[in-house]
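Chemist: Kindly generate the corresponding structure for this input.
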Amino acid sequence: MTGTEMLTPAASPMRVVGEGLAHRFPGTDVLFEHLSFALEAGRTVAICGPSGCGKSTLLSILAGWERPWAGTVDRGGVRRVGWVFQNPYGVAERTALDHVVFPLLAQGMRRADAEPQALEAMGLFELEYAADRPFAALSGGEAQRLMLARAVCAKPDMLLVDEPTAQLDTRTAHSVSHVLGNLAGHGMIVVVATHDRDTRDACQQVIDLADYAPADSVPGDYAPAEHPTADSTPKGERP
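Modeler: Sure, this is the predicted structure:
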């Protein structure tokens, strides 16, 4: 079984639609407003923008953890959402394999059956060699890839990833971006919050929150995305 065969496309088409989204926290300025988009299975989507613009907040809204200040989100066909946080977390003395196998055990799978799938997921992110290492012995980049492997094992319909390449070298970052694209190609919606231009450029659709922020809140030195934004035709599908 190859890593991508671990993912079973949803039985019905998935489409996440945001309409007229805006958000602010109590006592703070508006982060973004008038934001509408459609996210579909098979695409990788980058959420970019300057620091503090609400990238992680938008991920929380997509997950249903945060209610938008205005607007609505329809998660049509999405039953399970996976999240990979920017800062990896784990149990220091437990092995890397223990962390990845956990979602499968939580689904009722026997350890003997779960381990091959967990190792396959680790292989997607070039982590097989670290299976028996305790979490505390992993580098920051290894721990970040471990969280990605664990999220894949949970077989989410929509995978939300916060700054996946922040702690990775260039070669590994490119590899991770490629794997995320493959996951989308097998029926998953993959949404990546990133400030990294290469990661952004590897995605098929871009939501640049700078386009939806109050005009006086965008830093003058911010370089906007060159790809189509949320309301535009996704990259590769322009007439």
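
Chemist: counting contacts, what elements does whatever helix or strand residue 190 lives in pack onto?
Modeler: Assigned by DSSP states H and E, residue 190 belongs to strand 189-193. Judged by 3 or more Cβ pairs under 8 Å, 6 or more residues apart in numbering; DSSP states H and E, strand 189-193 is in contact with strand 32-40, strand 44-48, helix 55-63, strand 158-162, helix 170-185. From N, CA and C alone the C-beta is placed, and that goes for glycine too.

Chemist: What strands flank the first one, and is each parallel or antiparallel?
Modeler: In its sheet, strand 32-40 lies beside strand 15-23 (antiparallel), with partners assigned from DSSP bridges.

Chemist: If you count neighbours, what's buried in the strand it pairs with?
Modeler: Using 16 or more other Cβ atoms under 10 Å as the test for burial, strand 15-23 gives 16, 18, 21, 22, 23.

Chemist: The spatially most central residue of the chain pairs with what?
Modeler: Most central in the chain under Cα atoms, centre = their mean is residue 161, positioned 2.4 Å from the mean C-alpha point. With DSSP bridges as the criterion, residue 161 is bridged to residue 84, residue 192.

Chemist: mind checking how far it is from residue 189?
Modeler: In this view, residue 161 and residue 189 are 11 Å apart by Cβ to Cβ, to the nearest Å.

Chemist: quick one: the lowest-mean-pLDDT helix or strand in the chain to strand 189-193, angle?
Modeler: Ranked by mean pLDDT, DSSP states H and E, the helix or strand of the chain with the weakest confidence is helix 170-185, at a mean of 85. Between helix 170-185 and strand 189-193, the angle comes out at 150 degrees (axes from the mean of the first three to the mean of the last three Cα atoms, to 10 degrees).

Chemist: what comes up buried for helix 170-185?
Modeler: 172, 173, 175, 176, 177, 179, 180, 181, 182, 183, 184, 185.

Chemist: which of the residues in stretch 192-208 are buried?
Modeler: 192-194, 196, 199-200, 202-208.

Chemist: Which ones among those residues lie within strands?
Modeler: If you go by DSSP state E, the buried residues of stretch 192-208 have 192, 193, 205, 206, 207, 208 in strands.
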